[in-house]
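Colleague: Model the following, please.
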Amino acid sequence: MQIADGKNKFIEEWGRLGISWGINKSMAQTHALLLISSKPMTAEDVKAELGISAGSANISLNTLMEWELISKMPISGSRKDHFVAEKDMWTIFSKIIINRKKRELDPMVSLLDHLSDVEVTCPESNEFHKVLTDLRHFSQRADKALINLSSFKSKWILSGAMKMMR
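Modeller: Got it, this is the predicted structure:
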């Protein structure tokens with residue numbers, strides 16, 4: 001397989017994987033492109049390489065910077081912004097966990113906290129309260145676990161997890 005074919009396949013599959021993470025395909029493909037790039041890339045480079053609009057490239061780059069998966073790298077003599085991806089897999093994994101937690105788990109914990117004051121006055125409200133209490137406790141434990149997991153700096157956890165997946 002030629003390098004161009006391998007890169008294209010990786011970018012396409014990373015884009016599909018990104019959809020399952022809850023991000024759009026263009027953002028995931030932009031991340032994949034920068035992840036495998038040996039040099040910093042401009043928004044125009046990303047647009048041309050992926051065949052996406054300038055707006056899509058800019059939105060993807062800005063969102064990836066918000067997620068701290070990429071950063072700007074100054075290039076001497078150039079006025080254009082150049083971007084590079086974080087290459088450390090543990091850091092990438094941690095950043096994705098943190099951002100998914102913010103988008104998915106935090107709003108649910110907040111909602112469950114808000115709903116916890118529903119009065120228990122009948123069998124239906126009792127069942128509602130019981131389920132919400134269980135879900136709230138589970139969500140709080142998951143929240144703590146994700147905070148702890150994302151705060152580990154050691155790569156041995158990642159290598160252990162990867163061994164378990166084999």
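
Colleague: And the helices in the protein, which stretches?
Modeller: 3-21, 25-36, 43-50, 54-66, 89-100, 106-115, 123-151, 156-165 (DSSP state H).

Colleague: Nearest to M73 among the ones you listed would be which one?
Modeller: Distance to M73, taken as C-beta to C-beta, is lowest for helix 25-36 among those, at 10.5 Å. Yep, even glycine has a C-beta here, placed from its N, CA and C like the rest.

Colleague: Give the rounded mean pLDDT of that closest one.
Modeller: For helix 25-36, mean pLDDT is 95.

Colleague: again with stretch 110-117
Modeller: The model assigns stretch 110-117 a mean pLDDT of 84.

Colleague: Show me which positions of that stretch end up buried.
Modeller: For stretch 110-117, a neighbour-count test (16 or more other C-beta atoms under 10 Å) marks L112 as buried.

Colleague: related to what we said a few turns ago, may I see the helices of the chain organised as a markdown table, with distance to K80 added?
Modeller: Output for these, formatted as a markdown table (distance: least, C-beta to C-beta, whole Å):
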| stretch | distance to K80 |
| --- | --- |
| helix 3-21 | 22 |
| helix 25-36 | 15 |
| helix 43-50 | 7 |
| helix 54-66 | 12 |
| helix 89-100 | 25 |
| helix 106-115 | 35 |
| helix 123-151 | 33 |
| helix 156-165 | 34 |
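
Colleague: looking at those helices, which one has the lowest mean pLDDT?
Modeller: Of all the helices of the chain, helix 156-165 has the smallest average pLDDT, which comes to a mean of 55.
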